[in-house]
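Trainee: the following comprises the amino acid sequence and a computationally predicted model.
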Amino acid sequence: MSVLEAPLRGISQIFVVDSSLTGAAIVGGTALYSPGLAGHLLLGSAVGSLAGYTLCSAPIDEITCGLWGYNSALTSMGCGAFFVHSPRTVALSIGGAAVTAGGVGGLPGVFCMG
């Protein structure tokens, strides 16, 4: 698995599938509906994967399987769907994706019983 496939695998993980080909198909289908929304989807997954690696020191296996990209992709899609497209919306999308990844990274500490 390549690190460059991580954003596409993150998108496919929305539907509990571990495949970069499926992620590319989802991005393609979304682009048929709205190219801007597809951009938010891909950007969010990429930012989530990057944030998992840099901010949360996530294991590279989790990142390449897409586990750090799917929540961030959904957050970015929400920003793209509910706000008028502008540079501020893109900034909100990027920030939201990073905060979502950070939140996911913090969950094991909250629920750890040891």
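Mentor: Received, thanks. Given the structure is predicted, the values throughout are model-derived calculations rather than measurements.
Trainee: correct me if wrong: G69 contacts A51.
Mentor: No: with the criterion set as Cβ atoms under 8 Å, G69 and A51 do not qualify as a contacting pair; they are 9.5 Å apart. C-betas here are computed from N, CA, C, even on glycine.
Trainee: looking only at neighbour counts, state which of the two leads.
Mentor: Applying other Cβ atoms under 10 Å to G69 and A51 shows that G69 carries more neighbours, namely 33 against 24.
Trainee: quick one, what contacts the more buried one?
Mentor: Under the criterion of Cβ atoms under 8 Å, 6 or more residues apart in numbering, the neighbours of G69 are 6-7, 9-11, 13, 44-46, 48-49, 52, 63.
Trainee: which one is it nearest to, not counting chain neighbours?
Mentor: Nearest residue to G69, sequence neighbours excluded (Cβ to Cβ, 6 or more residues apart in numbering): G10, at 1.9 Å.
Trainee: for that neighbour, what are its contacts?
Mentor: Under the contact definition (Cβ under 8 Å, 6+ apart), the residues listed for G10 are G23, S45, G48, S49, G66, L67, W68, G69, Y70, S72, A73.
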